[in-house]
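Engineer: Generate a structure from the sequence data that follows.
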Amino acid sequence: MHRAAPLCAVAFAVACGGPSGPASGTEKRLHTAIAAYDSAWQQKDTPAIERILSPGYTYFSSTGELSDKSRTLRFLADTGYVLTLSRRSEVQVKLAGRTAVISSRWEGEGRYRAEAVHDDQTCGQTWIWTGDEWLLLSEHCVNRPGARPPPAATGLGPS
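Structural biologist: Residues are numbered from 1 along each chain as shown. Below you'll find the model as predicted:
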């Protein structure tokens, strides 16, 4: 047997979610993490969102803005931002080892300062497995065709 064979087997197992990848029940745990994220966002639970977002989190807004973790947390904590309805549907999961790519439809209503918010977006999220939990690394939401445009003032929308 060639000496590189054991190394190749380990590399293959890691890439395919083997011993160091997510455990069985991964997709269920991922759906649970997404539900926890959505619930925490709806409740403006900044400490929970801080735990769910990875340190390198990036949000790509529908208006072309970028937001890092600290800016996103400040936005969520802003008392001028009120979310009265949020709903995620059409969730599709693609797993690749320790990474998951999620596509979904996100609908939200509320207000940002004095302006009404009516979001109907297609969102892509990238989640990473840390060994014990899923963390949200990035997300990008774009307005769906026919949806009302977001308020220009925010550059950030609920995700």
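
Engineer: Residue ranges in the protein under the pLDDT threshold?
Structural biologist: Applying pLDDT under 70 to the chain flags the ranges 1-24, 147-159.

Engineer: quick check: longest helix of it.
Structural biologist: Under DSSP state H, the helix in the chain containing the largest number of residues is helix 26-42.

Engineer: So which elements touch it?
Structural biologist: Using 3 or more CB pairs under 8 Å, 6 or more residues apart in numbering; DSSP states H and E, the elements in contact with helix 26-42 are helix 46-52, strand 81-96, strand 99-112, strand 115-129, strand 134-143. (C-beta placed from N, C-alpha, C; glycine too.)

Engineer: What are the contacting residues of it?
Structural biologist: In this structure, residues lying in contact with helix 26-42 by CB atoms under 8 Å, 6 or more residues apart in numbering are 17, 22, 45, 48-49, 52, 76, 83, 86, 88, 91, 93, 95, 100, 102, 104, 125, 127, 129, 133-134, 136, 158-159.

Engineer: chain center to it: distance?
Structural biologist: Put simply, helix 26-42 sits 9 Å off its chain's centre (CA atoms, centre = their mean, to the nearest Å).

Engineer: for Leu76, phi and psi?
Structural biologist: Leu76 adopts backbone torsions of phi -60, psi -40, taken as degrees, to the nearest 10.

Engineer: separation between it and Gly146?
Structural biologist: According to CB to CB, to the nearest Å, Leu76 and Gly146 sit 27 Å apart.

Engineer: which residues does the residue nearest in space to the middle of the chain bridge with?
Structural biologist: With distances taken as CA atoms, centre = their mean, the residue of the chain nearest its centroid is Gln125 (4.2 Å). Beta-bridge pairing for Gln125 (DSSP bridges): Ile102, Glu139.

Engineer: Correct me if wrong: it contacts Lys94.
Structural biologist: No: Gln125 lies out of contact with Lys94 (CB atoms under 8 Å); the separation is 10.9 Å.

Engineer: so what sits against both of the two?
Structural biologist: Val101, Ile102.

Engineer: What number of neighbouring residues does His68 come out with?
Structural biologist: Let me fix one detail, which is that residue 68 is Asp and not His. 13 (other CB atoms under 10 Å).

Engineer: cool, Tyr81 as well?
Structural biologist: If you count neighbours by other CB under 10 Å, Tyr81 ends up with 18.

Engineer: Who are the contact partners of Gly124?
Structural biologist: Val101, Ile102, Ser103, Glu139, His140, Cys141.

Engineer: residue contacts, the second one?
Structural biologist: When you say that, I think you mean Ile102. By CB under 8 Å, 6+ apart, the contact set of Ile102 is Leu30, Ile34, Val91, Gln92, Val93, Lys94, Cys123, Gly124, Gln125, Thr126, Trp127.
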